[in-house]
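> Take a look and give me a structure for this.
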Amino acid sequence: MSHIQLGKYNQLEVVKEVDFGMYLNGDEDGEILLPKRYVPEGCKPGDVLNVFIYLDMDERLVATTLEPYVQVGEFACLEVAWVNQFGAFLNWGLMKDLFVPFREQKAKMVKGGRYVVHVHLDDESYRIVASAKVEHYLSKEKPEYQSGEEVHVLIWQQTDLGYKVIVDNKYSGMLYRNEIFQPMEIGMQMNAFVKHVREDGKIDLVLQKGGAKKVEDFSEVLLQFIKDNDGYTHFNDKTDAETIYNTFGVSKKTFKKAVGDLYKKRLIILEEDGIHMV
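Here you go, the predicted structure:
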């Protein structure tokens, strides 16, 4: 006998048809209704369906073929549909909204606002709830990532240093402001690359794979670029980071290090109008 995984997808067999939908076999949890509006065309008893299970208004198990924006155990950025005296209700793509009790809010949530939350089962009520206290739900284990490995990130908080992100729905990570060359906002999802896993288990990330490459490599690229342009480039320390990034795909910090590197090796001369080869 198996238990239903509430707030997740379950593969369940259709056992009988009724006027208002289909009943699915939930084993120990009894028969679970898939309301008529969600029944796939041509569906009949004996079919096995991949359905998402949650609770209806009366706290009964109910199945749907709609895809929620998030499952239990995951993080997501969701919009507040409405608020009452008990908490906020988020739109997560299903008929019944997702509840965030006041105690699980950081600042009071407002209708129309978007917040990053973690979705889980409430131990006491066995309801699916969300919490904006994201840090409580991030893994305490040390991640096993290698430098340069590609991961999925969700941006959840802006800080003085940059943006805190949730890595692969599990770990805490950081994208540093001086290494970001695109507009960022809370709730954005993207792929990033592991730069370094710190001793405390937090992950430093970069958005470009090249960010993990050594500066020496870029020194050679820069030298070749200057050679190819008749031994001169107008780029220098005063060039803005965006222009440097758009041209070379590296941060201004990497650019300046490479210039320093080539200058120390006496391969270039720094002039007012830019950089010349020796």
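> Show me how far the helix or strand harbouring Ser172 is from its chain's centre.
For Ser172, the host element (DSSP states H and E) is strand 171-176. Put simply, strand 171-176 sits 10 Å off its chain's centre (Cα atoms, centre = their mean, to the nearest Å).
> what does it rub up against?
Here strand 171-176 makes contact (Cβ atoms under 8 Å, 6 or more residues apart in numbering) with 135, 138-139, 143, 151, 153, 155, 161-167, 184, 192, 201-207. (C-beta placed from N, C-alpha, C; glycine too.)
> would you list every one of the helices in the stretch 101-250 of the chain?
Using DSSP state H, counting those that start in this stretch, the helices of the stretch 101-250 of the chain run over 215-228, 241-248.
> Relative to Lys257, which of these is closest?
Nearest to Lys257 among these is helix 215-228 (4.6 Å), distances taken as Cβ to Cβ.
> what's the closest one packed up against?
The elements that helix 215-228 packs onto, with contact taken as 3 or more Cβ pairs under 8 Å, 6 or more residues apart in numbering; DSSP states H and E, are strand 232-233, helix 241-248, helix 252-264, strand 274-277.
> Run the angle between it and helix 241-248 for me.
Counting by axes from the mean of the first three to the mean of the last three Cα atoms, to 10 degrees, helix 215-228 lies at 80 degrees to helix 241-248.
> residues of helix 215-228 that come out buried?
Applying a neighbour-count criterion of 16 or more other Cβ atoms under 10 Å, one finds Val215, Phe218, Ser219, Leu222, Leu223, Ile226 buried in helix 215-228.
> so what pLDDT did the third one get?
I take that to be Ser219. Looking at Ser219, its pLDDT is 86.
> Likewise for Gly210?
pLDDT, Gly210: 60.
> Excluding chain neighbours, what is closest to the residue nearest to the spatial centre of the chain?
For the chain, the residue nearest the mean C-alpha position is Leu154 (1.9 Å; Cα atoms, centre = their mean). Spatially, and ignoring its direct neighbours in sequence, Leu154 is nearest to Ile166 (4.6 Å; Cβ to Cβ, 6 or more residues apart in numbering).
> and the one you found, how many residues sit next to it?
A count of neighbours around Ile166, defined by other Cβ atoms under 10 Å, yields 26.
> With Asp237 instead?
Asp237 has 11 neighbours, counted by other Cβ under 10 Å.
> Distance of it relative to Arg177?
19 Å (Cβ to Cβ, to the nearest Å).
> what do you get for Ile4?
45 Å.
> neighbour count winner among those two?
Shown here are Ile4 and Arg177; by other Cβ under 10 Å, Ile4 has more neighbours (18 against 13).
> Which secondary structure state is assigned to the more buried one?
Following DSSP: H, G, I helix; E, B strand; the rest coil, the label given to Ile4 is coil.
> contacting residues around it?
Neighbour list for Ile4: Asn10, Gly26, Asp27, Glu28, Asp29, Ile32, Ile53, Leu61 [criterion: Cβ under 8 Å, 6+ apart].
> If the residue lying closest to Asp56 once chain neighbours are set aside is in a bridge, with which residues?
Nearest residue to Asp56, sequence neighbours excluded (Cβ to Cβ, 6+ apart): Val62, at 4.3 Å. According to DSSP bridges, the partner residues bridging Val62 are Leu33, Tyr54.
> gap between Val62 and Met22?
Distance of Val62 to Met22, given as Cβ to Cβ: 12 Å.
> residues shared between the contacts of these two?
Common contacts of Val62 and Met22 (Cβ under 8 Å, 6+ apart): Leu33, Leu34.
> Look at the two and report which has more neighbours.
Met22 (26 against 23).
> need the strands for the stretch 51-200 of the chain, in chain order.
Using DSSP state E, counting those that start in this stretch, the strands of the stretch 51-200 of the chain run over 61-64, 75-84, 87-91, 98-101, 114-121, 128-131, 150-158, 162-167, 171-176, 189-197.
> Hmm, Gly201 is touching Pro143, no?
Yes - counting by Cβ atoms under 8 Å, Gly201 touches Pro143, with 6.4 Å between them.
> In terms of neighbours, single out the busier of those two.
Shown here are Gly201 and Pro143; by other Cβ under 10 Å, Pro143 has more neighbours (19 against 14).
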